[in-house]
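Colleague: The amino acid sequence is not available; the structure is as follows:
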Ligand SMILES: O=c1[nH]cnc2c1ncn2[C@@H]1O[C@H](CO)[C@@H](O)[C@H]1O
Ligand SMILES: [Zn+2]
């Protein structure tokens, strides 16, 4: 293995985060303020005491257990003001790790508890992303999520609303939630609508269930990217298909270990995928819930999988190519990143 790469170099390396959930990125300090504004008392008075409520512990045994953490923060993300703030702060946190481009995903139907419409939720999140973009110089876009436990009607409503904001802050739609209980074939009708409306699709698959879900997502739901895809390794033919069709995987190493998509780093297939030519990208999933940031994720790849600095830069560029951006916007990003790599002596 090369000599270890300095943490500081990884932090300074320009990066992209294509898979980060809005409600998994709430700062504990912000939650305390949002609770205070609403006159609700929280079970903790300090950041340190609050974190265990918002973050998974080492004892997390499944995706289902991981997802239960979202119940704690969602009641506080029901107003336009709160949504704008957490969207803005998600961009702020990205900037702290030299992320030049971010796609923030959120499920509009989970933010309607105080009467906001799907369109209003989308509007406020996009406004928050835009203000973060202006302040921190991070290009930021939104992805609207359909939830697996919601009905077709609610999910189609999300897709229609996202489609009418396409190119105006929203770039794609996703499917998230409890994968083991709701396989992708339940959602053919829903994603036919995004196909009809010309909206790109990424699907969480191969995280809490097998490779067949990834195959279904790609061949029947029209997914052009896959969230996680950890269990693609079960099917060599599928690995070849993804490499050949250049379908990027949005991998989130620390989250993937926590949700038990794999039980140890030895089983984590990222090196193997990379060697096979699959377009692997590296992302955070949920900075707060997973206690992570993108520097930490890339450091895992250097430390546990021997990725050299030039290989990390290649993973970053996979992310740029996989971005749901116009070709002209990608070109700008590509040039800027290459220049920054050179200035850092990488590549
Ligand atoms: O890794 C994941 N797999 C599946 N669903 C997830 C993951 N992380 C978050 N969410 C789900 O997406 C919702 C909207 O952001 C969250 O509330 C959570 O339920
Ligand atoms: Zn996710």
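Modeller: Right, received. Where do you want to start? If you're wondering where the values come from, they're calculated on a predicted model, not measured in any experiment. Residues are numbered from 1 along each chain as shown. Ligands and ions are numbered 1, 2, ... in the order given.
Colleague: only C-alpha atoms for contact and neighbour calcs from this point on.
Modeller: OK.
Colleague: Would you confirm that residue 99 contacts residue 17?
Modeller: Yes - using Cα atoms under 8 Å, residue 99 is in contact with residue 17, at 6.9 Å.
Colleague: Pick out the residue of this protein closest to ligand 1.
Modeller: The minimum distance from the chain to ligand 1, using Cα to the nearest ligand atom, falls at residue 177 (3.7 Å).
Colleague: Got the confidence number for that residue?
Modeller: Here the pLDDT value assigned to residue 177 is 98.
Colleague: show me what contacts it?
Modeller: Residues near residue 177 by Cα atoms under 8 Å, 6 or more residues apart in numbering: 67, 147, 148, 149.
Colleague: what's the spacing between it and residue 47?
Modeller: Residue 177 is 27 Å from residue 47, where distance means Cα to Cα, to the nearest Å.
Colleague: one step back: sort out for me which of the contacts of residue 177 are in strands.
Modeller: Taking DSSP state E, the ones among the contacts of residue 177 that sit in strands are residue 147.
Colleague: Just the buried residues of the contacts of residue 177.
Modeller: Listed as buried from these are 147, 148; burial here means 16 or more other Cα atoms under 10 Å.
Colleague: Adding pLDDT and distance to ligand 1, write the contacts of residue 177 out as a markdown table.
Modeller: Supplementary listing: the contacts of residue 177 in a markdown table, determined by pLDDT from 0 to 100; distance: Cα to the nearest ligand atom, whole Å:
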| residue | pLDDT | distance to ligand 1 |
| --- | --- | --- |
| 67 | 98 | 5 |
| 147 | 99 | 7 |
| 148 | 98 | 9 |
| 149 | 98 | 10 |
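Colleague: Need the three-state assignment for residue 115.
Modeller: Following DSSP: H, G, I helix; E, B strand; the rest coil, residue 115 is assigned to coil.
Colleague: What's the per-residue pLDDT of it here?
Modeller: At residue 115, the predicted lDDT confidence score is 98.
Colleague: Might you report the residue contacts of it?
Modeller: For residue 115, the contact set (Cα under 8 Å, 6+ apart) is empty.
Colleague: ok, back up a step: phi first, then psi, for the residue of the chain closest to ligand 1.
Modeller: Main-chain torsions, residue 177, degrees, to the nearest 10: phi 110, psi -160.
Colleague: Thank you, goodbye.
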